[in-house]
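Engineer: take a look and give me a structure for this.
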Amino acid sequence: MDDLIRAITKEIFLRKDFLKTKELSSVYFGGGTPSMLKGEHLEILWERITKLFILKKNAEITLEVNPDDIDSDTISNWKIFPFNRVSIGIQSFEDEILKYLNRIHNSERAVYGFNLLRDAGFDNINVDLIYGIPVQTENQWHNTLEKALRLNPEHLSAYCLTLEDKTALSAFIDKGKSPRISEESGAVHFEWLMFEMRKHGFTHYEISNFCKPGFESRHNLSYWTGEEYLGVGPGAHSHKKNIREWVIPHNVNYIKSLSDNILPLESETLTNENLLAEYILLCLRTSEGCSLSYLKKKFNKDLLKDKEKQIADCVEKKFVVISDNKIILTDRGKLVADKIALELL
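Structural biologist: Residues are numbered from 1 along each chain as shown. A predicted model of the protein is given here:
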């Protein structure tokens, strides 16, 4: 771990000029298990960040944590630093589902960890959940959502399970040891999610994200609205103007490269068509929708004219509405968001 921390601090130094400004509106410790870091590791990273960058007043500083890492000692370490938002990867409050997902914690541990954070004074907590799991019944999903809302988090992220190649779950399903993922079940779970979150006063500001008023994730919003960002560490992505960069996702090679003062980066230059597609795909997922005037100004794209038939069809099917010169998904449209985005590209 010491070697990895040294490599990350060196990468931060070598890439300190990537962003056009030294002022940071958000910092996110995520992408794995940052809650396993010792206090001394966090101190090294934080010292490097604050020496090279300036934090804006009221900057959002998030720590991603696993429930099994939360105890009084770890919280004492975290409180030394200015973390003002915590995201907990709970995934489910059903022990059977957690075992299926190969998670170490159980539901009791998840509740205990959340309450410890709340008692320690954290007043901006996100709960991460997963739905659409092959062995997950509707009742189990209802119960998980009910237990999450009972904790009264400020923010909730819920993602439909996706199957990635060469994973244990993929092999498990291919061997017939588990049912396959059902799009229909995922859609039913998502409809219940939208209903319950609205009933409890949450704003559905991005397809997978819900918050109480004023508790949007500012860090994630920067991704969805096309702002520039710097990501460091193995597998991290960065974006600036029409450049996308990513770090090789291999710890050993990452450490070796940086020990030789070589940035282990790959990159691509995005065309106007790439940027247009990204804008439509990402902004359509948000409650703000896709701005027709921005498309015209930024890309000289008259979407209403170029995709008149497709948009009219989406309006007729009540997948989208056009309001304030924006195309905005309805709840019905959110169920087929990716298909609608492809129609508009």
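
Engineer: let me know the helix or strand that Ile322 is in.
Structural biologist: strand 320-323 (DSSP states H and E).

Engineer: which of the residues in that strand are buried?
Structural biologist: Val320 (16 or more other CB atoms under 10 Å). Yep, even glycine has a C-beta here, placed from its N, CA and C like the rest.

Engineer: who does it pair up with?
Structural biologist: strand 326-329 (antiparallel) (DSSP bridges).

Engineer: and the strand it pairs with, how far out from the chain's middle?
Structural biologist: Offset of strand 326-329 from its chain centre (CA atoms, centre = their mean, to the nearest Å): 22 Å.

Engineer: what's the answer for stretch 211-222, then?
Structural biologist: With CA atoms, centre = their mean, you get 11 Å for stretch 211-222.

Engineer: show which residues not belonging to that stretch make contact with it.
Structural biologist: 25-28, 60, 62, 85, 124, 126, 154-156, 201-203, 205-206, 209, 229, 286 (CB atoms under 8 Å, 6 or more residues apart in numbering).

Engineer: for the closest residue to Phe83 other than its chain neighbours, what are its contacts?
Structural biologist: With CB to CB, 6 or more residues apart in numbering as the criterion, Phe83 has its nearest non-adjacent residue at 4.6 Å, and that residue is Leu63. Contact analysis of Leu63 by CB under 8 Å, 6+ apart lists 29-30, 34-35, 78, 83, 85-87.

Engineer: ok, and the most crowded of those residues?
Structural biologist: In terms of neighbour count, Val86 stands highest of the contacts of Leu63 at 29 neighbours, by other CB atoms under 10 Å.

Engineer: what about that residue, which helix or strand?
Structural biologist: Going by DSSP H and E, Val86 is in strand 85-91.

Engineer: equivalent analysis for His189, please.
Structural biologist: helix 183-199.

Engineer: where is the longest strand in the protein?
Structural biologist: strand 54-65 (DSSP state E).

Engineer: specify the angle between that one and strand 85-91 in degrees.
Structural biologist: 20 degrees (axes from the mean of the first three to the mean of the last three CA atoms, to 10 degrees).

Engineer: turn the contacts of Leu63 into TSV, including pLDDT and distance to Arg48.
Structural biologist: Formatted as TSV, the contacts of Leu63 follow (pLDDT from 0 to 100; distance: CB to CB, whole Å):
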residue	pLDDT	distance to Arg48
Phe29	95	13
Gly30	91	17
Pro34	81	15
Ser35	79	19
Trp78	94	18
Phe83	96	16
Arg85	98	21
Val86	97	22
Ser87	97	22
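
Engineer: now distance to Ser185 too, for these, in JSON lines please.
Structural biologist: Listed next are these as JSON lines, based on distance: CB to CB, whole Å:
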{"residue": "Phe29", "distance to Ser185": "33"}
{"residue": "Gly30", "distance to Ser185": "28"}
{"residue": "Pro34", "distance to Ser185": "32"}
{"residue": "Ser35", "distance to Ser185": "31"}
{"residue": "Trp78", "distance to Ser185": "37"}
{"residue": "Phe83", "distance to Ser185": "36"}
{"residue": "Arg85", "distance to Ser185": "31"}
{"residue": "Val86", "distance to Ser185": "30"}
{"residue": "Ser87", "distance to Ser185": "26"}
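
Engineer: now, among those, which is nearest to Leu149?
Structural biologist: Using CB to CB, Ser87 comes nearest to Leu149 of the contacts of Leu63, at 16.6 Å.

Engineer: so who does the closest residue to Val336 other than its chain neighbours touch?
Structural biologist: What sits nearest to Val336 in space, not counting adjacent residues and going by CB to CB, 6+ apart, is Phe319, at 6.6 Å. Counting by CB under 8 Å, 6+ apart, Phe319 touches 329-330, 332-333, 336, 340.

Engineer: tabulate these (CSV), appending distance to Lys298 and pLDDT.
Structural biologist: Shown next, in CSV, are the contacts of Phe319 (distance: CB to CB, whole Å; pLDDT from 0 to 100):
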residue, distance to Lys298, pLDDT
Leu329, 21, 97
Thr330, 25, 97
Arg332, 28, 96
Gly333, 23, 96
Val336, 26, 94
Ile340, 20, 95
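
Engineer: among those, name the buried ones.
Structural biologist: 329, 333, 336, 340.

Engineer: my read: the last one touches Val315, true?
Structural biologist: No - look at Ile340 against Val315 with CB atoms under 8 Å: they stay out of range, at 11.0 Å.

Engineer: list phi and psi for the residue nearest to Leu270 when sequence neighbours are not counted.
Structural biologist: Leaving aside its sequence neighbours, Leu270 sits nearest to Asn242 (CB to CB, 6+ apart; 4.5 Å). When read as degrees, to the nearest 10, the backbone of Asn242 gives phi -110, psi 20.

Engineer: measure Asn242 to Ser25 for me?
Structural biologist: 22 Å (CB to CB, to the nearest Å).

Engineer: neighbour count: those two, which is higher?
Structural biologist: The neighbour comparison of Asn242 against Ser25 (other CB under 10 Å) goes to Ser25, with 17 against 12.

Engineer: report the central residue of the chain.
Structural biologist: Asn220 (6.2 Å; CA atoms, centre = their mean).
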